[in-house]
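Novice: here is my input, please return the structure:
(one chain, ligands or ions: 1)
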Amino acid sequence: MILVLVEVSPAGEAVETSLEAVTFARDLAAAGGGIPIDAVAVGTPGDDVVKALAAHGVRRIHALTGAAYDAYSGAAWAAGVMGVREKTGSVVVMASGTPRGMEVLAHVGARTGLPMAANVVSFSSLSPFTVTRQVVGGQAREEMQLSQRPALFTVAGHAVQAEAADTPGVGELVIETPDVAEADLVARVVSTEEPEPDLSGNLKSARVVVGAGRGAGSADGFGDLLELADLLDASLGVSRVVTSLGWRPHHEQVGQTGSRISPDLYIPCGISGAIQHWAGCSSAKNILAINTDPDAPMVTKASHAVIGDLHEVIPAINEEIRRRRG
Ligand SMILES: Cc1cc2nc3c(=O)[nH]c(=O)nc-3n(C[C@H](O)[C@H](O)[C@H](O)COP(=O)(O)OP(=O)(O)OC[C@H]3O[C@@H](n4cnc5c(N)ncnc54)[C@H](O)[C@@H]3O)c2cc1C
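Specialist: Okay, here's the model as predicted:
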């Protein structure tokens, strides 16, 4: 049996990355000759969650309930996951690579003494169980063997696309109320702040993104860049320096602590290409870097580059586009 920790959003939906993990589990189940997939969730999931999990091929949903699960505690969640794992005899325990998925599985690993692979993107063999995982913010991949059972791992966000199963699962809801030790409740969430609304939708799905970094010079240095974005029907994405200096809002930030983009064309202007920025834009299919420094990491990684001052290069590009369009 494969057991997947499924997270439920405050809006009462199975989170996308959990459905991705279930989709990943289906490939694993198929490779193993049709191993059943169970989910473990905290709280009593609503009908929408049950239906979504069944549609993705889940046989049974174990709902961890009771006062211990009213507030998040990594140790209590791990105790619940381990209880379900023992009951079901699962040979694989998985979660999505979210902060909670990582924390809970790390607790499970520490309690059982089993190794855990974080941010797995694929598997290549069941015997020995061999996975490939992302490291260095997605810049490198490494192969890892998990030779002990149960195999513990998290699935990197968006490593696979969540897809409903050809054959849905039964989606039977099983309420579990495990005893949780006091020691597992010493670190619990006591309050939660609502996140800022995500305004970055266009940026994440844009076909073309014009990027702007410190090279823009000041909050007033974005006029030509915004015009280029307008001419190309593109979104503007910026580096953290730009948001930290208050030149542009945070929802425009690209990178490890901003949006991850995968446009057909990314045009980073005056952006050095620090690893934290690269983590957010490395999936771009083509990169045209505009930078004064020919040795800037962004220039060396780009498919095309213009070496020059963006305040001269961008107006020239804009003028040429306007001229060609008459
Ligand atoms: C935990 C952590 C998380 C982080 N997360 C992110 C993140 O999500 N996103 C992010 O972007 N950064 C992030 N950073 C910051 C990152 O390390 C870099 O500091 C940042 O990306 C640099 O921004 P920049 O390229 O605009 O500035 P710089 O590194 O200062 O580069 C400016 C570039 O502009 C060029 N330039 C200067 N003037 C001109 C001009 N007139 N015309 C053309 N080119 C010019 C220079 O040659 C240089 O290459 C993070 C850092 C940490 C520690």
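Novice: ok, Val121 to Lys301 distance?
Specialist: 21 Å (CB to CB, to the nearest Å). Placement of C-beta: from N, CA and C, glycine included.
Novice: same thing with Arg26?
Specialist: Distance from Arg26 to Lys301, counting by CB to CB: 35 Å.
Novice: go on, Glu13?
Specialist: Distance from Glu13 to Lys301, by CB to CB: 37 Å.
Novice: try Glu194
Specialist: According to CB to CB, Glu194 stands 37 Å off from Lys301.
Novice: and Arg60, by the same measure?
Specialist: Arg60 sits 46 Å away from Lys301 when distances are taken as CB to CB.
Novice: also Val91?
Specialist: According to CB to CB, Val91 stands 41 Å off from Lys301.
Novice: coming back round to it: neighbour count: Arg26 and Lys301, which is higher?
Specialist: Each of Arg26 and Lys301 has its neighbours counted (other CB atoms under 10 Å); Arg26 has more, 23 against 15.
Novice: I'd say that one and Gly34 touch.
Specialist: No: no contact is recorded between Arg26 and Gly34 when judged using CB atoms under 8 Å, the distance being 10.2 Å.
Novice: quick one: average pLDDT of the host helix or strand of Leu152?
Specialist: In this structure, Leu152 sits in strand 151-155 according to DSSP states H and E. Averaged across strand 151-155, pLDDT comes to 97.
Novice: and that strand, which strands flank it?
Specialist: Sheet pairing here is set by DSSP bridges, and for strand 151-155 it gives strand 92-96 (parallel), strand 116-126 (parallel).
Novice: any idea which of those gets closest to Lys204?
Specialist: The closest approach between Lys204 and any of these, judged by CB to CB, belongs to strand 92-96 at 18.0 Å.
Novice: what sits closest to Gly273 if chain neighbours are left out?
Specialist: For Gly273, the nearest residue in space outside its immediate sequence neighbours is Met298; the separation is 2.8 Å by CB to CB, 6 or more residues apart in numbering.
Novice: okay but the one you found is in contact with Ile290, surely?
Specialist: No: with the criterion set as CB under 8 Å, Met298 and Ile290 do not qualify as a contacting pair; they are 9.3 Å apart.
Novice: mind listing the shared neighbours of those two?
Specialist: Residues within reach of Met298 and of Ile290 at once, by CB atoms under 8 Å, 6 or more residues apart in numbering, are Pro268.
Novice: okay, those two: which has more neighbours?
Specialist: Neighbour comparison, Met298 and Ile290: the larger count goes to Ile290, with 29 against 26 (by other CB under 10 Å).
Novice: tell me how far the more buried one lies from the ligand.
Specialist: Here the criterion is CB to the nearest ligand atom, to the nearest Å. By it, Ile290 lies 6 Å from the ligand.
Novice: low-confidence ranges in the chain?
Specialist: Within the chain, the segments meeting pLDDT under 70 span 137, 195-200.
Novice: what does it have sitting close to the ligand?
Specialist: Applying CB under 6 Å from any ligand atom, one finds that the chain approaches the ligand through 213-215, 239-242, 253-258, 270-272, 274, 276-277, 280, 290-293, 296, 309-311.
Novice: what about the residue nearest to Thr177 when sequence neighbours are not counted, how many residues close to it?
Specialist: Computed as CB to CB, 6+ apart, the closest residue to Thr177 that is not its neighbour in sequence is Gly66, at 4.4 Å. For Gly66, the count of nearby residues is 15 (other CB under 10 Å).
Novice: what does stretch 54-63 contact?
Specialist: In this structure, residues lying in contact with stretch 54-63 by CB under 8 Å, 6+ apart are 4, 6, 19, 22-23, 25-26, 29, 36-45, 49-50, 53, 84, 88, 162-165, 167-176.
Novice: so how far is that stretch off the chain centroid?
Specialist: Centroid separation for stretch 54-63 versus its chain: 22 Å, with CA atoms, centre = their mean, to the nearest Å.
Novice: one more: stretch 314-326?
Specialist: Relative to the centre of its chain, stretch 314-326 is centred 37 Å away, using CA atoms, centre = their mean.
Novice: buried residues in it?
Specialist: Taking 16 or more other CB atoms under 10 Å as the basis for neighbour counts, the residues of stretch 314-326 that come out buried are Ile314, Ile317, Asn318.
Novice: and the gap between the first one and Asp224?
Specialist: Taking CB to CB as the criterion, Ile314 is separated from Asp224 by 4 Å.
Novice: could you list the domains of this structure?
Specialist: Structural domains of the chain, as assigned by automatic domain parsing, span the residue ranges 2-185, 201-324.
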